[in-house]
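*Asks:* A structural model of the following input is requested.
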Amino acid sequence: MTALRFAAPDAPAIPLHVLTKAEVEAWRGGLDDRGRTWVDASGFDGSAGSAVSLPGPDGSVVAAAAGLGTAEDAVRRRFTLGAVRSRLPAGTYRLETSLPTEALEEAALGWLLAAYRFDRYKAAKPPKAELVAPDGVDALRIEAIAAGEALTRDLINTPASDMGPEELASAAAALAKEYGASIDVTIGDELLSANLPMIHAVGRASSRAPRLIDMHWGRSGPRLTLVGKGVCFDTGGLNLKPGGSMGLMKKDMGGSATVLGLARMIMSLNLPLRLRVLIPAVENSVSGSSFRPQDVLTSRKGLSVEVNNTDAEGRLVLADALTLASEDGADLLVSMATLTGAARVAVGPDLAPFFTDDDNVASALSAGATRVRDPVWRLPFWDAYEPMIEPAVADLDNAPSGGMAGAITAALFLRRFADVERYVHFDIYGWQPSAAPGRPRGGVGQGARALLDALPRILGLG
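*Replies:* Numbering: from 1, shown residues only. A predicted model of the protein is given here:
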C-alpha cells in the first residue's frame, strides 16, 4: 500500500505560498525585481492547480507558489493542492497561507492523496515533493484518513484474479491483526449451517467459495456496525451482463473496500466505540449450480425472495448480513454497496447517495460531507414504493419490473432486513472515471470521510 505521510516536522522546508487569483498581485508585489520577472515569465496567475517555483542565485528552489483559483473554483474543485504536488520540483515544502482550518485540512489531505499510486503490477513513481504538516491541523488524523483511503483504493483496483472472496478475507484478517481486532470467517457450505442461505445461493456457482467475514474491535462505547457488499466479480449470473457492462465489475466489492478503509481510520484513531464489520464476500458466476430467475430463496430473516434478475445479487447477500447485524443490535448500522445503476443515473459518479429515516443522522452526514469535501446526497426511503418490491409469489422481489426508482426500491429492500433504530444505506460508485486532483482514475472511497466526521455527533462520542 502506498505510504501517504507528511515530512518530518523539523525538516528544512521551502515556503510554499498558497494563493487565490485575487491574492497573486499582492504577493508578487512583495518580491524583488528578479522574482517578479521570473513569475511574470512563468505566466503564473493563481489559476487553480497552477504552480511556480522561484530559484535562488545557485539555481536551487528558495520559494514556490500554488494557485487555488477563484472563489467559484473553491466550490467546484476539491483537493486543488493535490494537483500542484506533481508540478513542484523535488524538495520539502511548508505552507504559507491564510486558509481557515477546514480548508487547510482539505489541502493537506489532498496533498497526501496526490501521492497515491497503484503499483502492484507496474512500478509507479509518486511525486518527489514533500510537505511538512501545516500548523493547526491534526497531522495524525489526516494521515490515518489517507491510509484508510489508500487501502480502499488498493482493494478496488486489484483485479478479481487476485481479489476473490478468499483474498478479500485475507485483507480483512491482515487489518484485524494490525489493530488487534478479532475476526471470524464462515466459508462455503458452512454458510448453510450458519443460516446465511442467500449469501450461499449467490456465491455457490463460483469455484471460489463464498464467505461471510465478521470482524470485531473495541470493548466499550456505542456500537457501530458496517456492512459492505463484497461481490468480488459480478458476471450478472444467468442474467449475464453484456461485455460493456462487465468491464468494471472488479469494483463490485467497492462497498466492502470502503468499510474496510473506514474501519482502518476508526481503529487507527482509536475512536471510543465498539466496531463490527460484516462482509458477504462472493463471486456471482455462472455454472450448473447457479441460482436462477424465478427461484424463490428463503433469507436468514425468514422472508422469502423471488429472484427476478440474478444480476440484482448484491441486495441478496447484504440482506443476510443485515439480519445478522440486527440480531446483535447496533446504535448505528451502515451498509455500503455499489448497488444500482439507477443511483448513477440520478446523481452521477461523484455523489454518493444515502438513505436514512433519521433526520438527525442525515443532517450530521450532510454537514460532515460539506466540511470534509466528501460529497453525499440524501435520497428517500419512499414508503409509497413498498408495493413495488412485493411480488405475487413471495414476500419480496429482488428486481421489480418497470425500471422506475431503482435505487430507492433497492434501499427499501435492504431496509426490510435492518431491524435497528438507526440505519443508513450508501449506494456508492467506488470509481473515479477520469483523473482529478488527489483522485487518479480508478478505485475511490465515497462516504467514508463524511461518516467518520459525523460519527461523534451521531453516536455522542466524547
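*Asks:* so residue 131, which of the three states?
*Replies:* strand (DSSP: H, G, I helix; E, B strand; the rest coil).
*Asks:* surely it touches residue 88?
*Replies:* No: using Cβ atoms under 8 Å, residue 131 makes no contact with residue 88, being 9.7 Å away. Where C-beta positions appear, they are placed from N, C-alpha and C, glycine not excepted.
*Asks:* anything in contact with each of the two?
*Replies:* Residues touching both residue 131 and residue 88 (Cβ atoms under 8 Å, 6 or more residues apart in numbering) are residue 16.
*Asks:* helices of the stretch 1-150 of the chain, start to end?
*Replies:* 24-29, 33-42, 71-76, 80-85, 101-113, 139-157 (DSSP state H, counting those that start in this stretch).
*Asks:* determine the longest strand present in this structure.
*Replies:* strand 274-284 (DSSP state E).
*Asks:* got the CA coordinates for that one in CSV?
*Replies:* The C-alpha trace of strand 274-284 is given here as CSV (Å, rounded to 0.1, in the frame of the first residue of the first chain):
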residue,chain,number,x,y,z
ARG,A,274,-17.4,-0.9,19.5
LEU,A,275,-17.0,-1.7,15.8
ARG,A,276,-18.3,-4.6,13.9
VAL,A,277,-17.6,-5.1,10.2
LEU,A,278,-19.6,-7.7,8.2
ILE,A,279,-18.7,-8.5,4.6
PRO,A,280,-20.6,-11.1,2.5
ALA,A,281,-17.8,-12.0,0.0
VAL,A,282,-18.9,-13.8,-3.2
GLU,A,283,-18.4,-14.1,-6.9
ASN,A,284,-21.6,-14.0,-8.9
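*Asks:* in it, what's buried?
*Replies:* 274-284 (16 or more other Cβ atoms under 10 Å).
*Asks:* neighbouring strands for the very next helix or strand once past it, and are they parallel or not?
*Replies:* Using DSSP states H and E, the helix or strand that follows strand 274-284 in sequence is strand 296-298. Paired strands of strand 296-298, with direction, are strand 304-306 (antiparallel) (DSSP bridges).
*Asks:* next secondary structure after the strand it pairs with?
*Replies:* From strand 304-306, the next helix or strand downstream (DSSP H and E) is helix 314-328.
*Asks:* packing partners for that next one?
*Replies:* helix 197-203, strand 211-217, strand 223-228, strand 230-234, strand 274-284, strand 332-337, helix 406-415 (3 or more Cβ pairs under 8 Å, 6 or more residues apart in numbering; DSSP states H and E).
*Asks:* list of residues touching the last one?
*Replies:* This points to helix 406-415. So helix 406-415 is contacted by 312, 315, 318-319, 322, 335, 339-343, 346, 353, 355, 379-382, 385-386, 388-389, 396, 398, 400, 423, 425, 427 (Cβ under 8 Å, 6+ apart).
*Asks:* cool, the second one as well?
*Replies:* Residues from elsewhere that reach strand 211-217, judged by Cβ under 8 Å, 6+ apart: 165-166, 168-169, 172, 175-176, 179-188, 191, 194, 196, 199, 203, 230, 256, 263, 266-267, 274-282, 320-321, 324.
*Asks:* which among the residues you listed count as buried?
*Replies:* By 16+ other Cβ under 10 Å, the contacts of strand 211-217 give 165, 168-169, 172, 175-176, 179, 181, 183, 185-187, 191, 194, 196, 199, 203, 230, 256, 263, 266-267, 274-282, 320-321, 324 as buried.
*Asks:* how about a markdown table for the helices and strands packed on helix 314-328, with distance to residue 120 and mean pLDDT added?
*Replies:* Below are the helices and strands packed on helix 314-328 laid out as a markdown table (distance: least, Cβ to Cβ, whole Å; pLDDT from 0 to 100):
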| stretch | distance to residue 120 | mean pLDDT |
| --- | --- | --- |
| helix 197-203 | 25 | 98 |
| strand 211-217 | 21 | 98 |
| strand 223-228 | 21 | 98 |
| strand 230-234 | 16 | 98 |
| strand 274-284 | 19 | 98 |
| strand 332-337 | 23 | 98 |
| helix 406-415 | 32 | 98 |
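*Asks:* to residue 43, which of the ones you listed lies closest?
*Replies:* strand 332-337 (43.6 Å; Cβ to Cβ).
*Asks:* may I see the buried residues of whatever helix or strand comes next after that closest one?
*Replies:* Going down the chain from strand 332-337, the next helix or strand is helix 341-347, by DSSP H and E. Across helix 341-347, burial judged by 16+ other Cβ under 10 Å covers 342-344, 346-347.
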